[in-house]
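Engineer: Sequence and computational prediction follow.
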Amino acid sequence: MQFGLLEMFTAMSPLAKGVSFLLIGMSVVSIYLLIERSLFFKKAKTLSKAVAPKLAELLKGGQIKEALALASKKENKTSHLARVTAAATTEFLEGKEAGLGFEQQIETASRGCDRAASIFNQELKRGLSILATIATSSPFIGLFGTISGIINAFKGMAATGSGGIGAVATGIAEALVTTAFGIGVAIIALWCYNILNTKIEIYDAEMSNTASQVIDFFVRKQAK
């Protein structure tokens, strides 16, 4: 028997083939999530780069309502910095209209920032739980194929009445291929997870910095 990839796949048991197709599908899902999330992150970054300087200029000039109008625009909804700014300015103005003291206005604005950042963080993390599940489960799924290959190896030994390499080669090859698939898919999913999680940490830091800057704008405005 030739041991090319096609020959090995043809000789696999139905269980091993099913495991292989499942693992291939999981790797495709991992790569898809990496691409889809990366595009979402890029859109958020591009919008934030465009709108953040305008918001900063408006806030420096004390134009809080104008900053709120800009940050709340539908086209800026995907910007994480605009989202935080909109939450802060909304809570600050509503607190002012409710007759709260300045310290209370600052506290409500700060809490608004935290809520907005938390909500956007969940949007950024969408799909990461799937990647984590794939990374942790794919080696164990590959083990099903490994077990199937070992069973086939024993069947080969039983059929030939010997333990020669020819009798067990097909089963051992099947076991090794599915094991390699499982480990490979886990590595791909883990890489994708770590790449995206690192980007999310950066975005969280940017939202935290923006929140503190917006609060500082309110404090400086009050001090004038």
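Structural biologist: That came through, no problem. Bear in mind the structure is a predicted one, so any value in this text is a computation, not a measurement.
Engineer: which ones are touching the residue nearest to residue 77 when sequence neighbours are not counted?
Structural biologist: Distances taken as Cβ to Cβ, 6 or more residues apart in numbering place residue 83 nearest to residue 77, at 7.1 Å, with adjacent residues excluded. In this view, the C-beta of every residue, glycine as well, is placed from N, C-alpha and C. By Cβ atoms under 8 Å, 6 or more residues apart in numbering, the residues touching residue 83 are 71, 77, 116, 117, 119, 120, 207.
Engineer: Please identify which of those residues is nearest to residue 26.
Structural biologist: residue 120 (27.8 Å; Cβ to Cβ).
Engineer: I'd say the closest one and residue 206 touch.
Structural biologist: No: using Cβ atoms under 8 Å, residue 120 is not in contact with residue 206, being 10.5 Å away.
Engineer: Can you show me the helices along this structure?
Structural biologist: 5-11, 14-60, 64-71, 80-97, 102-124, 128-160, 165-223 (DSSP state H).
Engineer: what sits in contact with each of residue 120 and residue 206?
Structural biologist: Common contacts of residue 120 and residue 206 (Cβ under 8 Å, 6+ apart): residue 80.
Engineer: Compare the two (neighbour count), which wins?
Structural biologist: residue 120 (23 against 18; other Cβ atoms under 10 Å).
Engineer: pLDDT at residue 123, what is it?
Structural biologist: In this prediction, residue 123 carries a pLDDT score of 94.
Engineer: List the contacts of it.
Structural biologist: Residue 123 neighbours (Cβ under 8 Å, 6+ apart): none.
Engineer: how many other residues sit next to the residue nearest to residue 144 when sequence neighbours are not counted?
Structural biologist: Closest residue in space to residue 144, ignoring its immediate chain neighbours: residue 19 at 5.1 Å, by Cβ to Cβ, 6+ apart. By the criterion of other Cβ under 10 Å, residue 19 has 27 neighbours.
Engineer: Repeat that for residue 222.
Structural biologist: 11.
Engineer: pretty sure it contacts residue 102?
Structural biologist: Yes: Residue 222 is within contact range of residue 102, at 5.6 Å (criterion: Cβ under 8 Å).
Engineer: which residues touch the spatially most central residue of the chain?
Structural biologist: The chain has residue 128 as the residue nearest its centroid, 3.7 Å off, counting by Cα atoms, centre = their mean. For residue 128, the contact set (Cβ under 8 Å, 6+ apart) comprises 33, 37, 193, 196, 197, 200.
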